[in-house]
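Trainee: output the structure for:
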Amino acid sequence: MNYRQMATFLVICGAQILVGNWVGAKGYMNGAGAAAAAFLGAVPGLLVLFAIIAGGVLIAHLIPWKGLPSVAYIVTLGCIVTVPGFPGAEQLTAWVSKVSFIGLCTPILAYAGLAVGKDIGVLKSQGWKIVVVGLVVFVGTFMGSALIAELVLRMMH
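Mentor: Okay, here's the model as predicted:
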């Protein structure tokens, strides 16, 4: 993927995230004004996320060792700039917290579904066993999350 394609992809995802943020806010807030405020409030956070993505991709291309994918650098950079005490971390965190998690996940999961759908022949060759593995992973993830949540809630009381 070249830089132009990556920028186009980010702009399309950004638009979808903002629309998702607006629709989500409209669903639980009263009035279109509150939803518009949620839409506009998410713009700085989205720009921060895009800057972190661009920085991580740039770092991945500048470092001569190509053993790590760009996502490792993106996550590391995101963690560094939001560590309490890092200059501007509080403001960055406040901006990014206004971006809806559901709005963020929706386009990413849609593109992941398209990527899997493109390789449907490979998926079919796996047979019924891949469905069983998928179900076990889903149930295990859900049960693990529920167990952790239950333990944390019990420790808080």
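
Trainee: now name the helix or strand holding residue 105.
Mentor: Assigned by DSSP states H and E, residue 105 belongs to helix 101-118.

Trainee: packing partners of that helix?
Mentor: With contacts defined as 3 or more CB pairs under 8 Å, 6 or more residues apart in numbering; DSSP states H and E, helix 101-118 has these neighbours: helix 3-28. Where you see a C-beta, it was placed from the backbone N, CA and C, and this is true even at glycine.

Trainee: for the next helix or strand after the helix it packs on, what is the distance to the chain centroid?
Mentor: Toward the C-terminus, helix 3-28 is succeeded by helix 32-62 as the next helix or strand (DSSP H and E). Helix 32-62 has its average C-alpha position 11 Å from the chain's average C-alpha position, going by CA atoms, centre = their mean, to the nearest Å.

Trainee: helix or strand next in line after helix 32-62, which one?
Mentor: Read in the C-terminal direction, the helix or strand following helix 32-62 is helix 70-81, with elements assigned using DSSP H and E.

Trainee: would you mind writing the CA trace of the next helix or strand after that next one as PDB?
Mentor: Secondary structure here is assigned by DSSP H and E; on that basis, the next helix or strand after helix 70-81 toward the C-terminus is helix 89-96. Included here for helix 89-96 are C-alpha records, laid out as PDB according to Å, rounded to 0.1, in the frame of the first residue of the first chain:
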ATOM      1  CA  ALA A  89      -0.900  13.900  27.400                       C
ATOM      2  CA  GLU A  90      -3.900  15.100  29.300                       C
ATOM      3  CA  GLN A  91      -5.100  17.200  26.400                       C
ATOM      4  CA  LEU A  92      -4.500  14.400  23.900                       C
ATOM      5  CA  THR A  93      -6.400  11.900  26.100                       C
ATOM      6  CA  ALA A  94      -9.300  14.400  26.500                       C
ATOM      7  CA  TRP A  95      -9.500  14.800  22.700                       C
ATOM      8  CA  VAL A  96      -9.300  11.100  21.900                       C
END
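
Trainee: which residues does the closest residue to residue 6 other than its chain neighbours contact?
Mentor: Beyond its immediate neighbours in the sequence, the residue positioned closest to residue 6 (CB to CB, 6 or more residues apart in numbering) is residue 57, lying 7.1 Å away. Remark: with contacts taken as CB atoms under 8 Å, 6 or more residues apart in numbering, residue 57 is in contact with 6, 70, 73, 74.
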